[in-house]
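Participant: Attaching a predicted model along with its sequence, questions to come.
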Amino acid sequence: MDHDRYYQRAREHRANLLLYGFVRVTFQAFFLIYFRMKRIGREHIPKRGPVIIASNHRSFLDPFVIACMARRPMYYVAKKEIFQYNRLLAWALGALGAFPVDRGGGDAAFIDTAKVILARGDIVLIFPEGTRTRPGALGKPKRGVGRLALETGVPVVPVAVIGTEAIRRGWRLRPHQVRIRAGRALRFPQVSEPSVALAGAVTERIWPCVMLQWEWLGGLAPVRRVGIIGAGAWGTSLAVCLARVGLEVDLGCRTQEQTRTLQSTRENARYLPGVALPDAVRVLRASELSPEGHDIVCLAVPAKALPAVMAAHGGRITSRAGVVVVSKGVVPPLGTLPSAFAAERCNARAVAVLGGPATAAGMLERGGSVVVACIDRGFTRQLAGALGAAKLDVQTSNDVTGVELAGAAKNVASLAAAAAGPAGATIAGAAAGKVFAELDALARAQGGRPETFAGLAGTGALVASVVDGSSRNHRVGELLAQGVPATEIAHAVGQGTEALDAVPLLATAAREARLDSPALDGLAALVEGRIEHEEWAATITEPRRSKRRSIRAA
């Protein structure tokens, strides 16, 4: 469709004052009553003269809501696709001051039209993000607003709107409160032909002022500081990844000796030899780490250490922060999932878990794939953005239970394969497959989705773990096969053995769920020393005598 006529309409004619006034009065009354709209900083919008309004964008209602901040018409940009729906809608939008923009890049017609509107002393409303951004923190701005501000020299008023993203469910509008806040106008010198770099620099001056209004209204702040409790392989690797993308990271070590070593050498030689800690990583004792000032708190400790960690830090994790649980396994003595255990003991706004085939060392050298699981969409998007900026392949899910149990299952299945290795590849494959399938059934019984185990968090991670013969779980399984008691394996390996600790707890959970899990029960008996390795290996391919109870997917 040719949009020239809509540009021409906006350049040569003002908004239809009769229609605009009717819509504004009607919508304003509706917004004030139904949405309990609160307007702050209206005095910062000049009553006359050209003005650029730069605002965040969460809903299709934003132009109408923001228009209630001024008593004169606002001319705003709308994606060109809206003008293609039907002629009546296109006419109404044009009469209300809208004109199209091509969101694919620099749109000269949009800039020229906006300049004409500003030249005659009117208001132009721009959404620098270029599209609706929700949920979570604000998106990244495009440099068009900076270019327009420089070419016209008119003041720019930063505005934030919050609440509009939550008012619609399908076609129904919910009575959710909407608030708007305008800041003081920003002024820039007029430049006839600003460079791309200069336009970008001005945009980077404008957007923080929009973010300031947004955060004042209670909007989700961008990730700036991360606190990581646990300086093992995963904790250190995440610290390095996040520091490389410009975040401030506090890395909390378990002991004073480890703290002093990392502070002096700037290298975690025990877990990640050869990887230097960036300057943005501050090393300190975990007991000295204060979660209050962090946007994300990462719990990178073994599952069995979570009770002590949450007892020490849980009460200080505020609703400002989101929590990321990296622990693989379950929390003793009840076999609680780590995310549920952490969520019950802190006031974090959201709790997420990490899964997938990526390894701590591998993702620093070659990148990797991870799965972020959280029921809070805003925190999921925020965390995925931070990890994506660190050059990781990120998939997201809201199946927290499935991702956590898939992470535990791949470790236990890898352990089982290594423990059955002396009996041959056939037995090892059967052990891994049966244990993994039984834990898949447990996940479904607890509300997990089947596609989680079939995807990256499940089979993808399992293959990576089994193929990696140098993995900790593989070593633990080999020691079990050699007859080393479970109580001595942790000392022999020199690291935590989450899979080994989880086996008896997961077997108990399966029994309590009334699931048929002979492979898992046999592995638990081996771990607990109730049967010998040869006896356990013989049961793996033993013909089944009872029909397995079917599990209906949640």
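Facilitator: Nice, thanks for sending it over. Everything numeric here is computed off the predicted structure, so don't read it as measured data.

Participant: Would you map the strands across the stretch 101-250 of the chain?
Facilitator: 123-126, 156-162, 168-169, 172-173, 179-182, 225-229, 248-253 (DSSP state E, counting those that start in this stretch).

Participant: In the stretch 151-300 of the chain, where is pLDDT below threshold?
Facilitator: Residue ranges of the stretch 151-300 of the chain with pLDDT under 70: 170.

Participant: at 80 what do you get?
Facilitator: Scanning the stretch 151-300 of the chain for pLDDT under 80 picks out 168-172.

Participant: what about the helices in it?
Facilitator: Secondary structure of the stretch 151-300 of the chain, counting by DSSP state H, counting those that start in this stretch: helices at 196-216, 233-244, 256-265.

Participant: Throw the strands of the stretch 101-250 of the chain into CSV and include distance to Arg143, thanks.
Facilitator: Bear in mind the C-beta positions are built from the backbone N, C-alpha and C, glycine included. CSV is the format used below for those (distance: least, Cβ to Cβ, whole Å):
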stretch, distance to Arg143
strand 123-126, 12
strand 156-162, 13
strand 168-169, 30
strand 172-173, 34
strand 179-182, 22
strand 225-229, 27
strand 248-253, 26
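
Participant: Nearest to Ala360 among those would be which one?
Facilitator: Closest approach to Ala360 among the strands of the stretch 101-250 of the chain (Cβ to Cβ): strand 225-229, 12.2 Å.

Participant: partner strands of that closest one, parallel or antiparallel?
Facilitator: Sheet pairing of strand 225-229 (DSSP bridges) gives strand 248-253 (parallel), strand 296-299 (parallel).

Participant: deepest of these, which one?
Facilitator: Of all the strands paired with strand 225-229, strand 296-299 carries the top mean neighbour count, a mean of 28, counting by mean count of other Cβ atoms under 10 Å.

Participant: For it, give me every contacting residue.
Facilitator: For strand 296-299, the surrounding residues in contact (Cβ atoms under 8 Å, 6 or more residues apart in numbering) are 223, 225-230, 235, 238, 291, 306, 309, 313, 317, 321-327, 338, 342, 348, 383, 386.

Participant: 6 Å instead, please
Facilitator: 223, 226-229, 238, 291, 317, 321-325 (Cβ atoms under 6 Å, 6 or more residues apart in numbering).

Participant: just the residues you listed now: which is nearest Gly41?
Facilitator: Gly41 lies nearest to Val223 out of the contacts of strand 296-299, by Cβ to Cβ, at 26.5 Å.

Participant: count of neighbours near the residue nearest to that closest one when sequence neighbours are not counted?
Facilitator: Of all residues not flanking Val223 in the chain, Asp295 sits nearest, at 4.7 Å (Cβ to Cβ, 6 or more residues apart in numbering). Neighbours of Asp295 under the rule other Cβ atoms under 10 Å: 20.

Participant: which residues touch Asp295?
Facilitator: If you count contacts by Cβ under 6 Å, 6+ apart, Asp295 has them with Val223, Arg224, Arg225.

Participant: contacting residues for the last one?
Facilitator: Going back to what we said before, that points to Arg225. So Arg225 contacts Glu248, His294, Asp295 (Cβ under 6 Å, 6+ apart).

Participant: all strands for the stretch 251-400 of the chain, in order.
Facilitator: Going by DSSP E, counting those that start in this stretch, the stretch 251-400 of the chain shows strands at 281-285, 296-299, 322-325, 350-355, 369-373, 393-397.

Participant: Might you list the low-confidence residue ranges for this protein?
Facilitator: For the chain, the ranges with pLDDT under 80 are 1-10, 12, 78-90, 93-94, 100-110, 132-137, 168-172, 466-471, 490-497, 542-554.

Participant: one step back: in JSON lines: the contacts of Asp295, plus distance to Arg244.
Facilitator: Shown next, in JSON lines, are these (distance: Cβ to Cβ, whole Å):
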{"residue": "Val223", "distance to Arg244": "14"}
{"residue": "Arg224", "distance to Arg244": "15"}
{"residue": "Arg225", "distance to Arg244": "15"}
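
Participant: Looking at the residues you listed, which is nearest Ala441?
Facilitator: Val223 (36.9 Å).

Participant: wait, doesn't the closest one sit right on Ala386?
Facilitator: Yes: the pair Val223 and Ala386 qualifies as a contact (Cβ atoms under 6 Å) at a distance of 5.2 Å.

Participant: before we move on, back to that, which of the contacts of strand 296-299 has the most neighbours?
Facilitator: So for those (other Cβ under 10 Å), the most neighbours sit at Ile228, 30 neighbours.

Participant: The nearest residue to that one once chain neighbours are set aside and Ile206, how far apart?
Facilitator: Ranked by Cβ to Cβ, 6+ apart and with sequence neighbours excluded, the top spatial neighbour of Ile228 is Cys298, at 4.4 Å. Cys298 sits 32 Å away from Ile206, taking Cβ to Cβ, to the nearest Å as the criterion.

Participant: closest one to Val25 among the strands of the stretch 251-400 of the chain?
Facilitator: Distance to Val25, taken as Cβ to Cβ, is lowest for strand 350-355 among the strands of the stretch 251-400 of the chain, at 39.7 Å.

Participant: Show me what the closest one is packed up against.
Facilitator: Applying 3 or more Cβ pairs under 6 Å, 6 or more residues apart in numbering; DSSP states H and E, we find strand 350-355 packed against strand 322-325, helix 338-343, strand 369-373, helix 400-419.

Participant: Would you point to the one among those that's packed deepest?
Facilitator: Mean neighbours per residue, mean count of other Cβ under 10 Å, is largest over these for helix 400-419, with a mean of 29.

Participant: Quick check: what element follows that one along the chain?
Facilitator: Next in sequence after helix 400-419, counting helices and strands by DSSP states H and E, comes helix 425-445.

Participant: neighbouring contacts of the helix or strand just after that next one?
Facilitator: The helix or strand immediately downstream of helix 425-445 is helix 450-454, counting by DSSP H and E. For helix 450-454, contacts defined as Cβ under 6 Å, 6+ apart pick out Asp399, Gly402, Val403, Ala406, Asp440, Gly458, Ala553.

Participant: returning to what we had before: for Ala519, which of the strands of the stretch 101-250 of the chain is the nearest?
Facilitator: Nearest to Ala519 among the strands of the stretch 101-250 of the chain is strand 225-229 (34.4 Å), distances taken as Cβ to Cβ.

Participant: Restrict that closest one to CA atoms and write it as CSV.
Facilitator: These are the backbone C-alpha positions of strand 225-229, laid out as CSV (Å, rounded to 0.1, in the frame of the first residue of the first chain):
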residue,chain,number,x,y,z
ARG,A,225,24.8,-6.0,39.3
VAL,A,226,24.9,-9.8,39.9
GLY,A,227,25.7,-11.6,43.1
ILE,A,228,26.9,-15.2,42.8
ILE,A,229,27.1,-17.4,45.8
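
Participant: how distant is it from the center of its chain?
Facilitator: Strand 225-229 sits 15 Å away from the centroid of its parent chain (Cα atoms, centre = their mean, to the nearest Å).

Participant: now do stretch 482-490
Facilitator: 38 Å.

Participant: Endpoints of it, how far apart?
Facilitator: 14 Å (Cα to Cα, to the nearest Å).

Participant: How about it, which residues are buried there?
Facilitator: If you call a residue buried by 16 or more other Cβ atoms under 10 Å, then stretch 482-490 has these buried ones: Ala486, Ile489, Ala490.

Participant: Out of those residues, list just those in strands.
Facilitator: Among these, no member falls in strands (DSSP state E).
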